[in-house]
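*Asks:* Next input, structure requested:
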Amino acid sequence: MALPAESVPQGLEAERNYLVGLTLRACQLAKNAAAHAADALGSSAPALYAKVDECEKELDRLDRELDQRLSTALAGASEAGRGELLACMKCMTDLERIGDLVASFASTARALGRRLDSRDVQELIRMASVLEKMLAEGYEAFSGRDVNRAINVLRTDGELDRLRNLLFVRHVDNPEGEPCRESIQVLLMAQALERAGDHVKNVAEEVCHFVSGKTLRHALRDSSKSEEQMFLDWLKQRHASK
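*Replies:* Numbering: from 1, shown residues only. Below you'll find the predicted structure:
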């Protein structure tokens, strides 16, 4: 049976808030990593690549700290508190993976340097900027328990997929017969950003689950509709039934 909020010991409440804060900090770091990666790709500044690496290392540290403290926090938490802490655990896993993917993207960009075609550079910067936007929305969604912002993340993921697909068409199908340089590396970089977007999408889905109690991936699976449309339909049904 869950304890009323006023019955939760002060120390346990403080620990829960601390772990929620760690998760929000991780979201900010992942967003900063994407921003630094985009800026580094445009400028080739070594200091910006170093900032991406710093973000990735700090994300690893936050992931380890949350993992070490979570069991004790869960043992003393209320039912609602346990749900929030489990959401932190799932989101932190995705955010740490985003840090790895962005670092991999930046490492490849740094190695290629000016061998990258200017058009590829611009399109990859756009992808990194979209990822940064998704992470900013994900932060606001989690911190404000805002389902609408979470749905915005789900919608924006489609733009990231579209940009990735355009790069694949140009480098693989190449309908215009353009000379393409470093195609394998460019496609791996695009794929890293697209996969990072999938992890931001997981964070958004976790917010929807935590706030509404409904899991998009399992309870609302319907191949004829997008996940955000299925969730919106469910919200309308819920509102109508009240």
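
*Asks:* Can I get stretch 51-61 in CSV, CA atoms only?
*Replies:* Written as CSV, here are the backbone C-alpha positions of stretch 51-61 (Å, rounded to 0.1, in the frame of the first residue of the first chain):
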residue,chain,number,x,y,z
LYS,A,51,33.0,19.1,-25.4
VAL,A,52,31.1,16.2,-27.0
ASP,A,53,33.5,13.8,-25.3
GLU,A,54,33.1,15.5,-22.0
CYS,A,55,29.3,15.2,-22.2
GLU,A,56,29.6,11.5,-23.1
LYS,A,57,31.8,10.8,-20.1
GLU,A,58,29.5,12.7,-17.7
LEU,A,59,26.5,10.8,-19.0
ASP,A,60,28.3,7.6,-18.2
ARG,A,61,29.0,8.8,-14.7
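
*Asks:* Going by neighbour count, which residues in it are buried?
*Replies:* 51-53, 55-56, 58-59 (16 or more other C-beta atoms under 10 Å). Using the backbone N, CA and C atoms, a C-beta is placed for each residue, glycine as well.

*Asks:* next one: stretch 24-42
*Replies:* 24-27, 29-41.

*Asks:* next one: stretch 118-131
*Replies:* 120-121, 123-131.

*Asks:* Let me know the closest of those residues to residue 11.
*Replies:* residue 131 (37.3 Å; C-beta to C-beta).

*Asks:* Enumerate every residue touching the closest one.
*Replies:* Going by C-beta atoms under 8 Å, 6 or more residues apart in numbering, residue 131 touches 34, 102, 160, 193, 196-197, 200.

*Asks:* Just flag the most distant two among those.
*Replies:* Once C-beta to C-beta is applied, those give 102 and 160 as the farthest pair, at 13.0 Å.

*Asks:* More neighbours: which of those two?
*Replies:* residue 102 (31 against 25; other C-beta atoms under 10 Å).

*Asks:* Name the nearest residue to the most centrally placed residue in the chain, sequence neighbours excluded.
*Replies:* In the chain, the C-alpha nearest the mean C-alpha coordinate belongs to residue 200, at 2.2 Å (C-alpha atoms, centre = their mean). In space, not counting the residues next to it along the chain, residue 200 is nearest to residue 134; the distance is 4.4 Å by C-beta to C-beta, 6 or more residues apart in numbering.

*Asks:* Same question for residue 126.
*Replies:* residue 163 (5.9 Å).

*Asks:* for the one you found, phi and psi?
*Replies:* Here is the backbone geometry of residue 163 (degrees, to the nearest 10): phi -70, psi -40.

*Asks:* That one contacts residue 128, correct?
*Replies:* No. Residue 163 is beyond contact range of residue 128, at 10.0 Å (criterion: C-beta atoms under 8 Å).

*Asks:* Tell me which stretches of this structure form helices.
*Replies:* 10-43, 46-76, 79-112, 118-144, 147-168, 183-212, 216-219, 227-241 (DSSP state H).

*Asks:* Run a quick neighbour tally on residue 75.
*Replies:* Counted with other C-beta under 10 Å, residue 75 comes out at 9.
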